[in-house]
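1. one predicted model, sequence on top.
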Amino acid sequence: MRVHVADHPLITHKLTVLRDVNTPSPVFRALVEELMTLLAYEGTRGVKVEPVEIQTPVSPTTGVRIAEPRPLIVPILRAGLGMLEGMTKLVPTAEVGFLGMARNEETLEPTTYAERLPDDLTGRQCFVLDPMLATGGSLAAAIEFLLKRGATDVTAICILAAPEGLAFLEQELEGHDVTIVLGALDERLNELGYIVPGLGDAGDRLYGTV
Ligand SMILES: O=P(O)(O)OC[C@H]1O[C@H](OP(=O)(O)OP(=O)(O)O)[C@H](O)[C@@H]1O
Ligand SMILES: O=c1cc[nH]c(=O)[nH]1
Ligand SMILES: [Mg+2]
């Protein structure tokens with residue numbers, strides 16, 4: 001598993017406002033989208049392209065286009081939905097599939113309550129979007145779901161992660177071709193399974209449920 005922490009002052013600046021408990025939901029949503037555009041740029045460095053011959057007004061030349069089969073973007077509902085627009089702006093021809101997952105806040109175990117994905121993901125490059133990688137249970141389950149359908153090349157883009165969650169993913173996904181792109185790697189998890197310093201519950205802050 002490869003882990004890449006995006007290191008850019010604009011990302012850190014936007015993250016600081018995102019973390020602030022006084023940032024209201026509409027601003028939080030806008031910031032997630034802006035951050036996602038920057039993280040999508042990092043996260044798609046390995047997107048598969050194929051050569052294409054074109055004619056400029058001056059001469060023929062060889063360029064590239066996104067390779068077939070098209071990449072699949074998988075936001076994990078709810079909070080991952082806030083990242084979708086930022087990603088599809090960069091890769092507008094990608095297909096989008098959905099996974100709905102919720103973490104039981106007492107046991108911290110994830111459950112999957114919705115799935116709308118292609119049956120066969122053989123040869124598909126997959127990009128999973130979820131802002132928070134805390135214990136890693138939700139992301140591990142989501143990635144394992146894609147691997148079982150035949151995916152072999154998975155990149156997850158998260159805004160924040162805890163070291164405990166990364167260690168869990170490392171152990172669960174050993175031997176698989178998985179890349180994790182992060183906006184920041186935080187200090188730790190607290191006793192309730194929340195990322196510290198973190199930003200609280202991403203879904204609640206995005207959709208105004210608190
Ligand atoms: O790494 P974990 O310990 O599994 O926690 C992270 C998960 O928790 C949050 O979702 P949540 O379950 O709160 O669902 P929501 O997006 O509907 O708020 C977050 O978006 C991740 O999916
Ligand atoms: O800190 C955390 C942990 C899990 N889910 C969140 O939304 N935030
Ligand atoms: Mg939540």
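-> Received, thanks. Residues are numbered from 1 along each chain as shown. Ligands and ions are numbered 1, 2, ... in the order given.
2. for the chain, what lies in contact range of ligand 3?
-> 201, 203 (Cβ under 5 Å from the ion). Every C-beta, even on glycine, is put in place using the N, C-alpha and C of the backbone.
3. so what touches whichever helix in the chain runs longest?
-> Longest helix of the chain, by residue count under DSSP state H: helix 25-43. Contact with helix 25-43 is made by 4, 6, 8, 10-11, 14-15, 17-18, 23, 82-83, 85-87, 89-91, 127, 129, 131, 155, 157, 159, 179, 181, 183, 202, 205-208, as judged by Cβ atoms under 8 Å, 6 or more residues apart in numbering.
4. all strands of the chain, in order?
-> 2-5, 49-55, 60-66, 72-77, 95-96, 98-103, 110-116, 125-129, 132-133, 153-161, 178-185, 188-189, 195-196 (DSSP state E).
5. apart from its neighbours in sequence, what residue is nearest residue 149?
-> Leaving aside its chain neighbours, residue 149 sits nearest to residue 121 (4.2 Å; criterion: Cβ to Cβ, 6 or more residues apart in numbering).
6. for the one you found, give its distance to residue 147.
-> Separation of residue 121 from residue 147 (Cβ to Cβ, to the nearest Å) stands at 8 Å.
7. those two: who's more crowded?
-> residue 121 (23 against 17; other Cβ atoms under 10 Å).
8. list the contacts of the residue nearest to residue 149.
-> By Cβ under 8 Å, 6+ apart, residue 121 lies in contact with 72, 146, 149-151.
9. ok, back up a step: which of the contacts of helix 25-43 count as buried?
-> 4, 6, 11, 14-15, 18, 23, 82-83, 86-87, 90-91, 127, 129, 131, 155, 157, 159, 179, 181, 183, 202, 205-207 (16 or more other Cβ atoms under 10 Å).
10. ok, and which of those reach ligand 1?
-> Contacts with ligand 1 within these, as defined by Cβ under 6 Å from any ligand atom: 131, 202.
11. distance check, whichever residue of the chain sits closest to ligand 1 against residue 1.
-> Using Cβ to the nearest ligand atom, the single residue of the chain nearest to ligand 1 is residue 203, 2.2 Å away. According to Cβ to Cβ, residue 203 stands 25 Å off from residue 1.
12. write out the residues of the chain neighbouring ligand 2.
-> Near ligand 2, when you scan the chain using Cβ under 6 Å from any ligand atom, you find 79, 132, 134, 194-195, 198, 201-203.
13. closest one to ligand 3 out of these, please.
-> Nearest to ligand 3 among the residues of the chain next to ligand 2: residue 203, at 3.2 Å, using Cβ to the ion.
14. what about the closest one, neighbour count?
-> Neighbour tally, residue 203, other Cβ under 10 Å: 20.
15. okay, now the unreliable bits of this structure?
-> The chain contains residues with pLDDT under 70 at 210.
16. relative to its centre, which residue of the protein is most distant?
-> residue 58 (40.1 Å; Cα atoms, centre = their mean).
17. picking that back up, the contacts of helix 25-43 in helices, which ones?
-> Per DSSP H, the subset of the contacts of helix 25-43 in helices is 10-11, 14-15, 17-18, 82-83, 85-87, 89-90, 202, 205-207.
18. so who does residue 143 touch?
-> 128, 154, 156, 169, 173, 176, 178.
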